[in-house]
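**Student:** take this sequence and fold it.
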Amino acid sequence: MNSTVNLTSNAAPSTTHQHGRSCWWDHTQARWECRAAAPAPEPERPPVDVRDMIVVHTALLREFRLAPAAVARVADGARRRARTVGKHLDLLGDLLHHHHEGEDELLWPVLRERVPARALPRLAAAEAQHEGIDVALAAVRTARRAWGERVDAESRAALVEALGALHILLAEHLDLEERTLLPLASAHLTEAEWAAVGEHGAASTPKSALPLVFGMFAYEGDPEVLTSMLASAPAVPRTVVPLIAPRLYARHAARVHGSARP
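**Tutor:** Now for the predicted structure:
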């Protein structure tokens, strides 16, 4: 008996297949009975590498932790030094704002549609923390402007206090993200969707500041992850930036923090 036949009974009669474990010979009907084979499961998608966000978090948390001391070291009336530190604070504020803006627009909405219902409170908590950090960042900017105008003890103390409060909120938020939300992003986003979050931050940073910012990331960043962060850049920046960025950050840190290795 030929083992390759047209399916009958439970299968479409026009389909030809090789009999297997889902088939048997019905001696009462003198014919094969074949169940349609279950479709092969789709291969599992490998998790997305989200370590680049940890590199960004590490740099932001370090710089905001060091910022109060950088301000406190500026003497009354030292306007030139106050401008240097003030520009550093402006850069940090912009980096943090655009980092969270990318998450609000490109990360949370996608996750909300895909994660299990039990994970939704984590997203809500992260979004609420963003709102609190926005308020704290606005307070820092207000205090920074006042200090830049006056450069005196009172305005300096107010800015130091505002920076300290922001750092506390930021540390709590980044811990929540890394422990509970980045694993969800790794499991539920595509490579392209994750890349869009990072591209948003890069596009929001002035090109002239990109080497310095990369130097901030490289100071404590995983070399493998840093290489992957530049993978889509043109050949020249991909080659040159890793060479110059650490030196740029070292000079910048010496001016702002008083040490090339803060």
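
**Student:** only C-alpha atoms for contact and neighbour calcs from this point on.
**Tutor:** Fine.

**Student:** spell out the secondary structure type for V48.
**Tutor:** Put simply, V48 is coil when judged by DSSP: H, G, I helix; E, B strand; the rest coil.

**Student:** just the element for the nearest residue to it once chain neighbours are set aside, please.
**Tutor:** The shortest distance from V48 to any non-neighbouring residue, by CA to CA, 6 or more residues apart in numbering, is to S186 (4.5 Å). Using DSSP states H and E, S186 falls within helix 182-188.

**Student:** what lies in contact with that helix?
**Tutor:** With CA atoms under 8 Å, 6 or more residues apart in numbering as the contact definition, helix 182-188 has outside contacts at P46, P47, V48, D49, V50, L107, L111, R114, V115, W194.

**Student:** so what does whichever strand or helix holds K87 touch, helix or strand wise?
**Tutor:** Per DSSP H and E: K87 is located in helix 79-102. Packed against helix 79-102, as judged by 3 or more CA pairs under 8 Å, 6 or more residues apart in numbering; DSSP states H and E, are the following elements: helix 51-72, helix 120-150, helix 191-204, helix 235-257.

**Student:** pull out the buried residues from it.
**Tutor:** Of the residues in helix 79-102, 79, 81-82, 85-86, 88-89, 91-102 count as buried by neighbour count, 16 or more other CA atoms under 10 Å.

**Student:** give me the angle between that helix and helix 191-204.
**Tutor:** Calculated by axes from the mean of the first three to the mean of the last three CA atoms, to 10 degrees, helix 79-102 forms an angle of 150 degrees with helix 191-204.

**Student:** quick check: next helix or strand after helix 79-102?
**Tutor:** The element immediately downstream of helix 79-102 (helix or strand, assigned by DSSP H and E) is helix 108-114.

**Student:** extract the CA atoms of that next one and return them as PDB.
**Tutor:** Extracted C-alpha coordinates of helix 108-114, given in PDB (Å, rounded to 0.1, in the frame of the first residue of the first chain):
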ATOM      1  CA  TRP A 108       5.900  53.000  27.700                       C
ATOM      2  CA  PRO A 109       3.100  53.100  25.100                       C
ATOM      3  CA  VAL A 110       4.500  50.000  23.400                       C
ATOM      4  CA  LEU A 111       5.000  48.100  26.600                       C
ATOM      5  CA  ARG A 112       1.500  49.000  27.900                       C
ATOM      6  CA  GLU A 113       0.000  47.200  24.800                       C
ATOM      7  CA  ARG A 114       2.100  44.000  25.300                       C
END
